[in-house]
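**Student:** Predicted structure and sequence below. I'll ask about it afterward.
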Amino acid sequence: MLAALKRKRGNRMKHGIDDYSVSILSYLVTGIFAVVCFLPFLLVIIYSFTPYDLYLKNPLWEAPCRWRCW
């Protein structure tokens, strides 16, 4: 059993810089896509807690001034 494990460990592939760069790029694209898909749900939640008169004044504004984090 131990000999089989040693043989498996010796047959690993070494990854080059191209493998790492493709991996990083795919994580970035997937992360951006996830944020873009989550954004409409976040806006629905924000608008559901926003008072209606503030929504009528600025219908395209995401959050009232007191809720902004930046």
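**Tutor:** Arrived safely.
**Student:** pLDDT weak spots in this protein?
**Tutor:** Per-residue confidence of the chain (counting by pLDDT under 70) places the weak regions at 1-11, 60-70.
**Student:** Mind doing that once more with 50?
**Tutor:** Counting by pLDDT under 50, the chain shows low-confidence ranges at 70.
**Student:** Look through it and tell me its longest helix.
**Tutor:** Across the chain, the helix with the greatest residue count (assigned by DSSP state H) is helix 17-49.
**Student:** What's the first helix or strand after that helix?
**Tutor:** Next in sequence after helix 17-49, counting helices and strands by DSSP states H and E, comes helix 52-57.
**Student:** Tell me the helices and strands packed up against that next one.
**Tutor:** Under the contact definition 3 or more Cβ pairs under 8 Å, 6 or more residues apart in numbering; DSSP states H and E, helix 52-57 sits against no other helix or strand. C-beta here means a position set from N, CA and C on the backbone, and glycine is covered the same way.
**Student:** Please export the C-alpha coordinates of it as CSV.
**Tutor:** What follows is the C-alpha trace of helix 52-57 in CSV, where atoms were taken according to Å, rounded to 0.1, in the frame of the first residue of the first chain:
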residue,chain,number,x,y,z
TYR,A,52,-41.3,55.4,-1.4
ASP,A,53,-40.9,59.2,-1.6
LEU,A,54,-37.1,58.8,-1.8
TYR,A,55,-37.6,56.4,-4.6
LEU,A,56,-39.9,58.8,-6.5
LYS,A,57,-37.3,61.6,-6.2
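**Student:** Skipping adjacent residues, who's closest to residue 55 in space?
**Tutor:** Nearest in space to residue 55, with sequence neighbours left out and distances taken as Cβ to Cβ, 6 or more residues apart in numbering, is residue 47 at 6.4 Å.
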